[in-house]
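In: the sequence isn't on hand, but the structure is:
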Ligand code: MN
């Protein structure tokens, strides 16, 4: 995740599976199965732990606050032990709570609104930041945006894809930016893949961006190299990571 000036302000943890025969698999190939079987719970714990440990290490090494974003699936979010697990991982890793951002998608958030608000309130009380992911693909209810105690709205990549050509995408992003500003949330545009998309988003006043144009998913060691270059200055946004893989 980067600002208009190309400074990296955060990283999103993405899971990969090193399959013995099929090589490196992206979540699309296995995450639904782990969600169905419940395997997502132990995997999610490992991802959260590794992400927080990495972020804590970077906090010490670079001395600048970098947000670590971690995605929560439906099953993880409805796990009654989630809040305690997050509290534990913050205590064990020593990561500043406000440097952890937990992301849930809009569709997960609206499954049971009262329970969502209660869980978000409890997570909020730990001091972590909260994000609505893939915004615009679910119900996009403005009422929910007002009721959910979230800090960040992540605009779905589908609106970013054609933003430099399609005035409707532009209008949607402008509307979300205005809305998010009005309720005190920060907006991140996801899936920025070209310089044209980036220029357009910055022109609309979008404060934060992430995607392949800023940095491709990379393992932890390569992410560190890119962070080092970006944070020590003299770097272009194109070399900055927005994503890191874990597990
Ligand atoms: Mn996400």
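Out: It's in. Quick caveat: nothing in here was measured; it's all calculated off a predicted structure.

In: name the helices or strands packed onto the helix ranked longest in the chain?
Out: Counting residues, the longest helix found in the chain (DSSP state H) is helix 40-62. Contacts defined by 3 or more C-beta pairs under 8 Å, 6 or more residues apart in numbering; DSSP states H and E place helix 40-62 against strand 10-15, helix 31-37, strand 67-71, helix 74-77, helix 82-93, strand 100-105, helix 220-231, strand 243-246. (Glycine included, C-beta is placed from N, CA and C.)

In: near the ion, which residues of this protein show up?
Out: 71, 103, 133 (C-beta under 5 Å from the ion).

In: same list (those) but as CSV, adding pLDDT and neighbour count.
Out: Shown next, in CSV, are the residues of the chain next to the ion (pLDDT from 0 to 100; neighbours: other C-beta atoms under 10 Å):
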residue, pLDDT, neighbour count
71, 97, 25
103, 98, 21
133, 94, 24
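
In: export these as TSV, with columns for distance to residue 94.
Out: Converted to TSV, the residues of the chain next to the ion look like this (distance: C-beta to C-beta, whole Å):
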residue	distance to residue 94
71	22
103	22
133	26
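
In: nearest to residue 201 among those?
Out: residue 133 (17.3 Å; C-beta to C-beta).

In: in a helix, the closest one, correct?
Out: No - counting by DSSP: H, G, I helix; E, B strand; the rest coil, residue 133 is located in no helix; its state is strand.

In: which residues touch the spatially most central residue of the chain?
Out: In the chain, the centroid-proximal residue (C-alpha atoms, centre = their mean) is residue 69; its distance is 4.3 Å. By C-beta atoms under 8 Å, 6 or more residues apart in numbering, the contact list for residue 69 reads 1, 10-13, 101-103, 131.

In: ok, now residue 154?
Out: Contacts for residue 154 (C-beta under 8 Å, 6+ apart) come out as 103, 131-135, 187-190.

In: same thing but 10 Å
Out: Taking C-beta atoms under 10 Å, 6 or more residues apart in numbering, we find residue 154 in contact with 1, 12, 69, 101, 103, 105-106, 131-136, 176, 186-191, 208, 210.

In: ditto for residue 3
Out: Residue 3 neighbours (C-beta under 10 Å, 6+ apart): 9-10, 202, 207-209, 237.

In: rerun at 7 Å
Out: Residues in contact with residue 3, defined by C-beta atoms under 7 Å, 6 or more residues apart in numbering, are 9, 207-208.

In: which one of those is nearest residue 160?
Out: residue 208 (12.3 Å).
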